[in-house]
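Enquirer: give the three-dimensional model of this entry:
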Amino acid sequence: MTLRIAQIAPLAESVPPRTYGGTERVCSWLTEELVRQGHEVTLFASADSSTSATLAPCCPTGLRRAGVHNQAPSLLLMLDRVRRLAESFDVIHFHVDLYQFPLFQDLAWKSLTTLHGRLDLPDMHPVYHTFNDMPLVSVSNAQRQPILGANWLATVPHGMPDTLIPYSADRGKYLVFLGRISPEKRPDRAIEIALRAGIPLKLAAKVDVVDQEYFDAAVKPWLDHPLIEFLGEIDDAQKGELLAGALALLFPIDWPEPFGLVMIEAMSAGTPVIAWRNGSVPEIVDPGVTGFIVQSIDEAVEALNQMSTLDRLNVRKRFKDRFTVDRMAKSYLMLYRRLADDARSSSRPPDSSRPPASAESRDGGLSCGLSRPRKRALSPVDLFEDDVAGSRENNRWP
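Expert: Okay, the predicted model is just below:
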C-alpha cells in the first residue's frame, strides 16, 4: 500500500546538512528510502535542501548558517503550513521536538513524533504529560527513561545507507573525535586518552558560540601538541575518509546521549568505538565486538591496548545487521501503517483534518476534529523480534 507521508524536518540545517546536523541527516536518509520504496513523500525543510521527494520549502536556507538564532518563528510558520495541508497526507511525521503538539493534538491519529534530543530536563515534562495523545517514538530506550509515562509507540534506532561510509579493512593509526565541541561531549577526555596512549587524535567537530569558552579553555591549549589535530566541521566525503583510516572512534560523553549517530557511522567503516557508559551507549556498542564500553580514562587507554582483538569486518557486519536505513524505514512503515489502519477502522469526524477551533475562527468556525484514543504502546521487541535474544544478552533493552 502506497502511503502519502509528510516528513517535517528541523530548519536549523538543510536536508541533508552540508556538515554538522544529525537530525537533518536522519530525515534525509529516511525520506530517500521511503521514496525509493515507492511512497509519496513530501519533505518540509529549508529551500536549500536536496531530495527526490516533493520539497515544501519553509525558509530560504538552513537557519544556523544564515545566522538566525531564534528559530521558533520559522518553525511555527512551517507548522501552520503543514496544518493547512494536513488532509493531503496519511501520516505526518515530525522531527521538530514538541512545537507541533498544541496545533496537531486533534490529528494525533495521523501524527507521529520522533524525539531526537535529551529528555532528562524536567522543565519540558509537563508538556509530554499534557499532550499525551501525541504518539511518540524514541531513538533509544535510555532516551525515554525520564518520561516513561508518555505515549511511546516504539523505539526505532537510527539507520544509515550502508554505501555512505564504505568498509575499510585497514587498521588505522590515529584516533577520532567527531561531532560537536561541548562540555557534555568531553573532547578534553579524548585529548587525555590520546596523550596517555601516545596515539594521534583528530578532532572533527563544530564549535557553537555557546561552547566557544569551553573550546578556548579545554581544547585550544592542546592544539600545538604534535599528537592533537583540529579539523573543524567536515562533510560526508571527508568523514568517510577520516573514519576509514582510524584505529578507533572515541565517544567520551558525559551526558545521557539519546543515540549518538557518530557511533554507527564509525561502525559502517568497520572502525571500533570506545565509549563511556552513558545514555544509549549500551544499546549501540557490543563490547568485544564493535568496541568497548568504559567508565574512566584508565579503562579507555586499556581498551586501546585491546584493539587487536577486534575484527573490523565483524564491526561492519554488526552495523549492517542493526543500523541500516532500510531497517529503520521498515520499522517506521510498520508504525505508519498502524496509524493508517487504525484511522480506517475507527469512525471519526469528516472534517478531522481541518484546523482546530482556535485557528478556524478566521474560516467561519468550522467544527474541529476529535483526538484519537491512545493505543497500547509497542515495545522495542514488537519491532525487532529477531534481536530479542541478543538484545537481552547485551542488556540493550531496559
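
Enquirer: and the nearest residue to residue 174 once chain neighbours are set aside, backbone torsions?
Expert: Sequence neighbours aside, residue 200 is the residue nearest to residue 174 in space, at 4.1 Å (criterion: C-beta to C-beta, 6 or more residues apart in numbering). Every C-beta, even on glycine, is put in place using the N, C-alpha and C of the backbone. Main-chain torsions, residue 200, degrees, to the nearest 10: phi -60, psi 150.

Enquirer: right, and residue 200 touches residue 176 too?
Expert: No: using C-beta atoms under 8 Å, residue 200 is not in contact with residue 176; the gap is 9.9 Å.

Enquirer: what number of residues lie near the residue nearest to residue 174?
Expert: 18 (other C-beta atoms under 10 Å).

Enquirer: what residues are up against it?
Expert: The contact partners of residue 200, taken as C-beta atoms under 8 Å, 6 or more residues apart in numbering, are 173-175, 194, 227-229.

Enquirer: grab the two from these that are most spread out in space.
Expert: Greatest spatial distance among the contacts of residue 200 (C-beta to C-beta): 173 and 228, at 14.8 Å.

Enquirer: looking at those two now, which is surrounded by more residues?
Expert: Neighbours were counted for residue 173 and for residue 228 using other C-beta under 10 Å; residue 228 has more, 20 against 10.

Enquirer: if I look at that one, how far off is residue 201?
Expert: According to C-beta to C-beta, to the nearest Å, residue 228 stands 5 Å off from residue 201.

Enquirer: who touches both of those two?
Expert: 191, 194.

Enquirer: what are the phi and psi values at residue 178?
Expert: Residue torsions, per degrees, to the nearest 10, at residue 178 are phi -130, psi 130.

Enquirer: what helix or strand is the closest residue to it other than its chain neighbours on?
Expert: Distances taken as C-beta to C-beta, 6+ apart place residue 262 nearest to residue 178, at 4.6 Å, with adjacent residues excluded. Element membership for residue 262 (DSSP states H and E) is helix 261-268.

Enquirer: that helix: what's the following helix or strand?
Expert: strand 273-276.

Enquirer: what does that following strand rub up against?
Expert: 186, 189, 193, 248-254, 260, 263, 266-267, 281, 284-285, 290-295, 300, 303-304.

Enquirer: any idea how far it is from the chain center?
Expert: Remark: strand 273-276 is offset 18 Å from the chain centroid, using C-alpha atoms, centre = their mean, to the nearest Å.

Enquirer: direction included, what does it pair up with?
Expert: strand 246-251 (parallel), strand 291-294 (parallel) (DSSP bridges).

Enquirer: rounded mean pLDDT for the longest one, please.
Expert: Same thing as strand 246-251. For strand 246-251, the mean pLDDT works out to 98.

Enquirer: what does stretch 114-133 give?
Expert: 94.

Enquirer: re earlier: do you know how far the residue nearest to residue 174 is from residue 232?
Expert: Distance from residue 200 to residue 232, by C-beta to C-beta: 17 Å.

Enquirer: same question for residue 116.
Expert: Distance from residue 116 to residue 232, by C-beta to C-beta: 23 Å.

Enquirer: how far does the longest helix seen in the chain sit from the chain's center?
Expert: Assignment by DSSP state H gives helix 325-345 as the longest helix of the chain. Centre-to-centre, helix 325-345 and its host chain are 18 Å apart (C-alpha atoms, centre = their mean).

Enquirer: when you give positions from now on, start the count at 342
Expert: Sounds good: first residue 342 from here, last item helix 666-686.

Enquirer: using CSV, list the CA coordinates for it.
Expert: C-alpha atoms of helix 666-686 as CSV (Å, rounded to 0.1, in the frame of the first residue of the first chain):
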residue,chain,number,x,y,z
VAL,A,666,18.4,2.8,6.6
ASP,A,667,16.3,0.0,5.1
ARG,A,668,15.8,-1.4,8.6
MET,A,669,14.9,2.0,10.0
ALA,A,670,12.4,2.6,7.2
LYS,A,671,10.8,-0.8,7.7
SER,A,672,10.2,0.0,11.4
TYR,A,673,8.7,3.4,10.6
LEU,A,674,6.5,1.9,7.9
MET,A,675,5.1,-0.5,10.4
LEU,A,676,4.1,2.4,12.6
TYR,A,677,2.8,4.5,9.7
ARG,A,678,0.6,1.6,8.6
ARG,A,679,-0.6,1.0,12.1
LEU,A,680,-1.8,4.6,12.3
ALA,A,681,-3.4,4.4,8.9
ASP,A,682,-5.1,1.1,9.7
ASP,A,683,-6.4,2.4,13.0
ALA,A,684,-7.8,5.5,11.2
ARG,A,685,-9.6,3.5,8.7
SER,A,686,-11.1,1.0,11.2
